[in-house]
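Peer 1: Next come a sequence and a model predicted from it.
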Amino acid sequence: MMSPFSLSNAGPFHGENVSLVLLIVKATLILIGALGVTLVMQRAAAGARHLVWLVTLGALLLVPALTLWAPIHLRVLPALATTIIPASGGAAAAAASTPSSSVTPRITSDAHNLVGPIATAPTVVAGPQVSSSLSTVAARIRSTDPLTILLTVWLAVALAIAASLAYATLSLRRIVRNSIALNGREWLDALWEISDRIGLEKAPRLLQSNETKMPFACGTLHPTIVLPVESDAWSPERRRAVLLHELAHVRRKDLAGHTLGRIACAVYWFHPLVWTAAKRLRSESERACDDLALMCGTRAADYAEHLLDIVTSVRRDRTPMVALAMARRKEFEGRMLAILDPQARRSTPSRWKTGALVGSLSVLSLIVGAAAPMRRSAPPTASYVANAAGAKAAGAKAADAKAVGVNEVGVKAPVVEARHAALPTVARRLAAGASDSDAPAAAAKGNRNFSFDANFDSKTPDERADLLAKVLATDPNAELRRTAAWGLAKYIENPVASSALTRALLHDASVSVRETAAWALARDRDSAHSAVSALSTALRADASDSVRATAAWALGSIHDDASAPALTAALADRNADVRSRAVWALGSVRPASAPKALIAKLGDSSPQVRSLTAWALFTIRDTSAIPALQAALRTETNKDIQVDYIRALGAMGEQSLSAIRGLLESPDPTIKSMAVDALAGGNASGPWPWPWPQPRPFP
């Protein structure tokens, strides 16, 4: 039986040894190409380089299947001369007169040519067989094909690696099983806020274990973050830094990529470049998570200090290899340099760039993986024409040859090519799930299903929205009403849900219910006018600071210009949290010009309000704010807010030149560097740390 790892069926380029060498060559070409791409992308964001390695490792796992099942035949090898040596009459007569002999075709090793039958005499055992079991085993070993030995060694090592991964998985499950859940508000508030900030729909489990010293993330299907018991003594800033990093792994699906790298190493354990690719994949994922943490507003120096303290406190890291530890000593130096590099690009690639990068790399890798070199076709030689009659004369011999897929010249290619030509038709039938005769019935069934689904979507009311709206309007339990308001956010497109939430926002007696209703209305895009009207009323008149703050955030999330007057009025609110969210909302709405009340917030007593005001002016880009920014920069004492003002000035274009020119004489190297970037047409030290002042409520 042919080994499943043999690629000899990929086309007429036969030979198991050659096929395996071809597989290794393809994998090497793909890996070298990835190395070249990442070298060119040294100044790009770590997330972009991570995508390169992820696509590369995925392509390596598809190369064997592509070569076997969907080869792209390339006729690039030299053609072989095809000759037929007719069987001699004497040999044929001898074969015919010797009924006890077996007639077998002989194929030459260089040209796969069918040669005349060879009479093989039956083997006669002269005497009793006398051999020891040891000699029998030795004889079998000597007669074993070298390729079989190589495949056996490959399989043994691959199984050993797989066994180590299985053991690590069991160890990880034991740690998770013996851990305790962190349910304190100091942990859950930070977990929910950061999850919402980075766009996680569902926060992962947060556990604490005495069996580990290093924080790590695990679980591809059910993400989990495990922290050491020492985390109880961490400061709030360190807790947020650790959660930001680990939640970034969950958000980026790095656990799935990490698993893919481990599988590729198990399959290609003999290839050093595969291990390098897996190492680069993990390294770039860690740097991408660091970049995301820094873009969320964490100071680079503070973040690096937290990482350094955690790494130096762990003498021996026992994190299972299937988990993603927060930091490892071997790769820590490069990460520190990247974190503290002020010129490093940290922005995540856009969807268009991600799609273009992944698509182009996938196409190139798949073409290389599916390429199957073939020999060129050769015209019939003189010997072929001269011997054609003799070859056809052996009718029984030709019939036997064709029965095993060998044509008149001993080449299996026509049968294989015919089989591959039939594959698209078979694939279409398999994809349809029915034979050609079943197609009309399947099409009719599909049309009925489509009609039913369309009618269901357009006419059938959602009973869950009606029930939740009834609970929100009539239930005496405030906690149940709050949960109902939270659930109605999922059905905000239903007019029943939108109307119920609007009534609850304006008339419910519970502060928590009104706050949750305001949060849910932020998702209302279809009836934005009614939602903006209700939220504006709550922002102006509600007695609760938390309700007014959530209403301001919701107006900013809807992005409707009609909310600008209410948000501008809220800039004078007595509560700093309400003012900061109103500033953020105006920056999100982006009116045509910056309101004077917004520019005045550069002198607000709250540092958060001043920082968000700089961000809002950065997004609106109203040049009338340049004098106020320049004056605020001279009086501001907070170093971080000074940096925010310079970012805002850098976004104003040529009219901010005079304000930036004075910064070139600053003794502070950071401010001077940002001024140079702004003059050079840069974005003043990179993307703005995105403010997200409103966490998602959880019932």
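Peer 2: Good, I have the coordinates.
Peer 1: Skip ahead from the helix or strand encompassing residue 496 and say which helix or strand is next.
Peer 2: Here residue 496, judged by DSSP states H and E, is contained in helix 495-507. Using DSSP H and E, the helix or strand that follows helix 495-507 in sequence is helix 511-521.
Peer 1: residues near the nearest residue to residue 591 once chain neighbours are set aside, how many?
Peer 2: Nearest residue to residue 591 in three dimensions, chain neighbours excluded: residue 564, at 5.0 Å (C-beta to C-beta, 6 or more residues apart in numbering). For every residue, glycine as well, the C-beta is placed using N, CA and C. When counting by other C-beta atoms under 10 Å, one arrives at 19 neighbours for residue 564.
Peer 1: Could you list the low-pLDDT ranges of the stretch 401-550 of the chain?
Peer 2: Across the stretch 401-550 of the chain, residues meeting the criterion (pLDDT under 70) sit at 401-462, 525-528.
Peer 1: can we see that at 90?
Peer 2: Applying pLDDT under 90 to the stretch 401-550 of the chain flags residues 401-466, 486-487, 489-495, 522-531.
Peer 1: What segments of it are helices?
Peer 2: Along the stretch 401-550 of the chain, the stretches classed as helices by DSSP state H, counting those that start in this stretch are 413-432, 439-459, 463-474, 478-488, 495-507, 511-521, 528-541, 545-558.
Peer 1: Would you mind listing the buried residues in the helix ranked longest in the chain?
Peer 2: Taking DSSP state H as the criterion, the chain has its longest helix at helix 146-177. Neighbour counts using 16 or more other C-beta atoms under 10 Å place 147, 151, 154, 158, 165, 168-169, 171-172, 175-176 of helix 146-177 among the buried residues.
Peer 1: Which strands or helices does it pack on?
Peer 2: helix 16-40, strand 205-209, strand 224-228, helix 254-267 (3 or more C-beta pairs under 8 Å, 6 or more residues apart in numbering; DSSP states H and E).
Peer 1: just checking, next helix/strand downstream of it?
Peer 2: strand 180-181.
Peer 1: That following strand: partners in the sheet, and parallel or antiparallel?
Peer 2: strand 205-209 (antiparallel) (DSSP bridges).
Peer 1: continuing past the strand it pairs with, what's the next helix or strand?
Peer 2: strand 216-218.
Peer 1: that older thread, touching, the residue nearest to residue 591 and residue 595? I think so.
Peer 2: Yes: counting by C-beta atoms under 8 Å, residue 564 touches residue 595, with 7.3 Å between them.
Peer 1: Between these two, which contacts overlap?
Peer 2: residue 586 (C-beta atoms under 8 Å, 6 or more residues apart in numbering).
Peer 1: so for stretch 202-209, what's the average pLDDT?
Peer 2: In this model, stretch 202-209 has an average pLDDT of 91.
Peer 1: So what touches that stretch?
Peer 2: Counting by C-beta under 8 Å, 6+ apart, 175-176, 178-182, 187-188, 191-192, 195, 217, 219, 222-229, 231-232, 247, 250, 698 sit against stretch 202-209.
Peer 1: Filter these down to just the buried residues.
Peer 2: Of the contacts of stretch 202-209, these count as buried by 16+ other C-beta under 10 Å: 175-176, 179, 182, 187, 191-192, 195, 217, 219, 223-228, 231, 247, 250.
Peer 1: quick revisit: kindly export the helix holding residue 496 (C-alpha atoms) in PDB.
Peer 2: Provided in PDB are the C-alpha atoms of helix 495-507 (Å, rounded to 0.1, in the frame of the first residue of the first chain):
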ATOM      1  CA  PRO A 495     -39.900  49.500  17.500                       C
ATOM      2  CA  VAL A 496     -41.300  47.800  20.600                       C
ATOM      3  CA  ALA A 497     -37.800  47.700  22.100                       C
ATOM      4  CA  SER A 498     -36.900  51.200  21.200                       C
ATOM      5  CA  SER A 499     -40.200  52.600  22.500                       C
ATOM      6  CA  ALA A 500     -39.900  50.700  25.800                       C
ATOM      7  CA  LEU A 501     -36.300  51.900  26.400                       C
ATOM      8  CA  THR A 502     -37.300  55.500  25.700                       C
ATOM      9  CA  ARG A 503     -40.100  55.400  28.200                       C
ATOM     10  CA  ALA A 504     -37.800  53.800  30.800                       C
ATOM     11  CA  LEU A 505     -35.100  56.400  30.300                       C
ATOM     12  CA  LEU A 506     -37.500  59.300  30.800                       C
ATOM     13  CA  HIS A 507     -39.900  57.900  33.500                       C
END
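Peer 1: Next, the angle from it to helix 511-521.
Peer 2: Helix 495-507 runs at 140 degrees relative to helix 511-521, counting by axes from the mean of the first three to the mean of the last three C-alpha atoms, to 10 degrees.
Peer 1: which parts of helix 495-507 are buried?
Peer 2: Using 16+ other C-beta under 10 Å as the test for burial, helix 495-507 gives 496-498, 500-502, 504-506.
Peer 1: Can you pull the phi/psi pair for residue 327?
Peer 2: phi -160, psi 150 (degrees, to the nearest 10).
Peer 1: give me the number of residues near the residue nearest to residue 218 when sequence neighbours are not counted?
Peer 2: Once flanking residues are discounted, residue 218 sits nearest to residue 323: 4.1 Å by C-beta to C-beta, 6+ apart. By the measure other C-beta under 10 Å, the count of residues near residue 323 is 23.
Peer 1: how close does residue 323 get to residue 508?
Peer 2: Distance, residue 323 to residue 508, by C-beta to C-beta, to the nearest Å: 45 Å.
Peer 1: List the contacts of residue 641.
Peer 2: 607, 610-611, 614.
Peer 1: ok, 10 Å please
Peer 2: Residues near residue 641 by C-beta atoms under 10 Å, 6 or more residues apart in numbering: 602, 607-608, 610-611, 613-614, 632-633.
Peer 1: Could you do residue 286 as well?
Peer 2: Residue 286 touches 46, 50, 245, 248-249, 254, 324-328, 331-332, 334-335, 338, counting by C-beta under 10 Å, 6+ apart.
Peer 1: Regarding it, what is its secondary structure?
Peer 2: Here residue 286 is recorded as helix under DSSP: H, G, I helix; E, B strand; the rest coil.
Peer 1: any idea of the angle the helix holding residue 496 forms with helix 478-488?
Peer 2: 140 degrees.
Peer 1: Which elements pack onto helix 495-507?
Peer 2: helix 463-474, helix 478-488, helix 511-521, helix 528-541, helix 545-558 (3 or more C-beta pairs under 10 Å, 6 or more residues apart in numbering; DSSP states H and E).
Peer 1: want to try a markdown table for those, with mean neighbour count and distance to residue 36 as columns?
Peer 2: Listed next are those as a markdown table, based on neighbours: other C-beta atoms under 10 Å; distance: least, C-beta to C-beta, whole Å:
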| stretch | mean neighbour count | distance to residue 36 |
| --- | --- | --- |
| helix 463-474 | 17 | 54 |
| helix 478-488 | 21 | 50 |
| helix 511-521 | 26 | 48 |
| helix 528-541 | 20 | 49 |
| helix 545-558 | 26 | 43 |
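Peer 1: And those: which comes nearest residue 645?
Peer 2: Residue 645 sits nearest to helix 545-558 of all these, at 21.5 Å, using C-beta to C-beta.
Peer 1: buried set for the helix or strand following the closest one?
Peer 2: Counting by DSSP H and E, the next helix or strand C-terminal to helix 545-558 is helix 564-570. Counting neighbours by 16+ other C-beta under 10 Å, one finds that the buried residues in helix 564-570 are 564, 566-568, 570.
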